[in-house]
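# sequence below, structure please.
(one chain, ligands or ions: 1)
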Amino acid sequence: MSPASGCVVVVGGGIVGRTAAWQLAQLGLAVCLLDPALAAGPSQGPNASQAALGVLMARVFHRSSGRAWRLRQRSHELWGQWLPELERRGHRLPRRSGLLLLAADADERARQIRLAAERERLGIPMRLLEAAALEGWQPHLPGRPLGGLLSPQDGQIDPGPLLEALLHEARRAGATCCDEAAVALERGRRWRLTLAGGQRLDADWLVLSLGFGTEALLAGIGLALPLEPVLGQALELELAADPGWDWPGAVVWRGMNLVPRPDLGVGGRMMWLGATLEPGRLASPAALRELRELGGEAPGWLRQARLVRQWQGWRCRPAGRPAPVLEEPEPGLLLACGHYRNGVLLAPATADWLRERIGGSETTG
Ligand SMILES: Cc1cc2nc3c(=O)[nH]c(=O)nc-3n(C[C@H](O)[C@H](O)[C@H](O)COP(=O)(O)OP(=O)(O)OC[C@H]3O[C@@H](n4cnc5c(N)ncnc54)[C@H](O)[C@@H]3O)c2cc1C
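A predicted model of the protein is given here:
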């Protein structure tokens, strides 16, 4: 690995920016993480990462080759190293392994059978379950699934504590933080940012991980990167009675995630449900109702659950190109944005790509 040198400014402190700042600071670089939301304190601020359910879906992805597959597998591998490392450093990271995909119709079941065979060829553990095997699980699974596909190596993590842990470790590795917004970008001998308070900041390497804000900053130097918002709504629910959870992880039914959160509140009765997929920035009450009722297939225990909290966030989707955008359009200018639906999963592979660009380590980008 060639020695890393220079000063890096990471603009945007969501999951992508924080993971990048942590990893780049560990290379010995002078890293500054810039985000006005950092002033809001733990678990606050208007970033998509705070809205995420934290489902990590790497192994059950519908493809088995190509860039998206490689990024997912690299992230899976790196989270597998980094989460225990963060825990060893004293961070409590609520997480669980296991993802159970339910087959709602014959086409989905056929896809599951194909995927299970494909993963077996790759030596990745995956279990096909017959409908009868699903019947006893408590609380009862939604709908009338034709079967299920259990991926024991996928899972879910609470993004709030993870974000706090990453920021803490980035600082501990030497990154400095600045809670101001970047408002303009200029080319020069180095990259120059103007901050909302008028201050200037120069960087040898500029990482843009500020979600939608990336488009406006780039437009200022004549580069186009159209990004579209796709709104997501999610719910925290408290079940009326002790559900006696024995699900083998989070459950996915017709694209909706049911995430047991027995670690929240008292009595082990909490769960997260999400998320809607709504083009644009306006939340639709009908989409939320559809989610709450699981498209008319919510079991009684779910219908009777008490709404504790609801929230929404905007996923940032690149228009007309695959997500995420990992590009260096000009020397030293690194785009790490547009992660759309899988930013929590893909943050490590993104940081890995940045490490390779800046410091020369291995990468899969
Ligand atoms: C409801 C919902 C559920 C989701 N569930 C999952 C899931 O289960 N699994 C998963 O992997 N992904 C999930 N996602 C997607 C995931 O949340 C995103 O892909 C991810 O959070 C993107 O992270 P990011 O760091 O790129 O962006 P963000 O988290 O949006 O961070 C961008 C940061 O940039 C800052 N910023 C903006 N403008 C400026 C500026 N001018 N100067 C400085 N800073 C600025 C913002 O304050 C913000 O903190 C979900 C998303 C939603 C909305």
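
# domain parsing for this structure?
By the assignment in automatic domain parsing, the chain contains the domains 1-54+158-226+319-365, 96-154+227-318.

# can the longest one be said to contact the ligand?
Yes - looking at domain 1-54+158-226+319-365 against the ligand by Cβ under 6 Å from any ligand atom, the contacts come from 11-17, 34-37, 45-49, 51-54, 181-182, 209-211, 213, 337, 339-345. In short, each C-beta sits where N, CA and C put it, glycine included.

# what is the mean pLDDT for that domain?
For domain 1-54+158-226+319-365, mean pLDDT is 92.

# return the distance of that domain from the chain's centre.
Averaging C-alpha positions (Cα atoms, centre = their mean, to the nearest Å) puts domain 1-54+158-226+319-365 15 Å from its chain's average.

# then stretch 73-90?
14 Å.

# flag every buried residue along it.
The neighbour-count check on stretch 73-90 (16 or more other Cβ atoms under 10 Å) flags Q73, R74, S75, H76, L78, W79, W82, L83, L86 as buried.

# any chance of the residues you listed in TSV, with pLDDT and secondary structure too?
Below are those laid out as TSV (pLDDT from 0 to 100; DSSP: H, G, I helix; E, B strand; the rest coil):
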residue	pLDDT	secondary structure
Q73	98	helix
R74	98	helix
S75	98	helix
H76	98	helix
L78	98	helix
W79	98	helix
W82	98	helix
L83	98	helix
L86	98	helix
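
# relative to the ligand, which of the residues you listed is nearest.
S75 (9.0 Å; Cβ to the nearest ligand atom).

# OK, contacts around that closest one?
Residues counted as contacts of S75 (Cβ atoms under 8 Å, 6 or more residues apart in numbering) are L56, A58, L345, L346, A347, P348, A349.

# ok, now V251?
Per Cβ under 8 Å, 6+ apart, neighbours of V251: L99, L100, L101, L102, L141, P142, N257, L258.

# cool, E180 as well?
Neighbours of E180 in contact, by Cβ under 8 Å, 6+ apart: L34, P36, L195, A196, G197, Q199.

# close enough to count as contact, L235 and M270?
No - assessed by Cβ atoms under 8 Å, L235 is found out of contact with M270, at 10.7 Å.

# between these two, which is the more surrounded one?
M270 (22 against 19; other Cβ atoms under 10 Å).

# where along the stretch 251-365 of the chain do the strands fall?
Ranges of strands in the stretch 251-365 of the chain, per DSSP state E, counting those that start in this stretch, are 256-260, 270-274, 278-279, 306-318, 325-330, 333-337.

# is any part of the second one close to the ligand?
Yes - shown here: strand 270-274 in contact with the ligand (Cβ under 6 Å from any ligand atom) through G274.

# name the element C32 belongs to?
According to DSSP states H and E, C32 maps onto strand 30-34.

# please name every helix or strand in contact with that strand.
strand 7-11, helix 15-25, helix 159-172, strand 176-178, strand 200-203 (3 or more Cβ pairs under 8 Å, 6 or more residues apart in numbering; DSSP states H and E).

# deepest of these, which one?
Among those, the stretch with the highest mean neighbour count (mean count of other Cβ atoms under 10 Å) is helix 15-25, at a mean of 30.

# give me the contacts around that helix.
4, 8, 10-11, 13, 31, 33, 35, 49, 52, 159, 162-163, 166-167, 169-170, 173-175, 207, 209-210, 336-337, 339, 343-344, 346-348, 350-352, 354-355, 358-359.

# now for the closest residue to P318 other than its chain neighbours: which residues touch it?
Spatial nearest neighbour of P318, excluding adjacent residues (Cβ to Cβ, 6 or more residues apart in numbering): G338 at 3.8 Å. G338 makes contact with T214, L225, L227, C316, R317, P318, A323, P324, V325 under the criterion Cβ under 8 Å, 6+ apart.

# just checking, D35 touches D179?
Yes - judged on Cβ under 8 Å, D35 makes contact with D179 at a distance of 6.7 Å.

# which one of those two is surrounded by more residues?
Just comparing D35 and D179: by other Cβ under 10 Å the higher neighbour count belongs to D35, 27 against 15.

# once you drop chain neighbours, what's closest to the more buried one?
Ranked by Cβ to Cβ, 6+ apart and with sequence neighbours excluded, the top spatial neighbour of D35 is G13, at 3.4 Å.

# doesn't L167 make contact with that neighbour?
Yes - applying Cβ under 8 Å, one finds G13 in contact with L167, separated by 7.0 Å.

# now the common contact residues for the two.
Between them, G13 and L167 share the contacting residues L33, L38, C177, judged by Cβ under 8 Å, 6+ apart.

# closest one to P285 out of those, please.
L38 (32.6 Å; Cβ to Cβ).

# any idea how far the residue of the stretch 1-150 of the chain found nearest the ligand lies from R306?
The ligand sits closest to G14 of the stretch 1-150 of the chain, with a gap of 2.2 Å, by Cβ to the nearest ligand atom. G14 sits 30 Å away from R306, going by Cβ to Cβ, to the nearest Å.

# confidence score at R269?
At R269, pLDDT is 96.

# which residues pair with E238 across the strands?
M270, R306 (DSSP bridges).

# now do the contacts for it.
E238 neighbours (Cβ under 8 Å, 6+ apart): G265, R269, M270, A305, R306, V308.

# now, which of the residues you listed sits nearest E120?
E120 has its nearest neighbour among these in M270, at 35.0 Å by Cβ to Cβ.

# returning to that earlier point: a markdown table for the helices and strands packed on strand 30-34, including distance to A133?
As requested, these are exported to a markdown table (distance: least, Cβ to Cβ, whole Å):
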| stretch | distance to A133 |
| --- | --- |
| strand 7-11 | 46 |
| helix 15-25 | 35 |
| helix 159-172 | 31 |
| strand 176-178 | 49 |
| strand 200-203 | 55 |
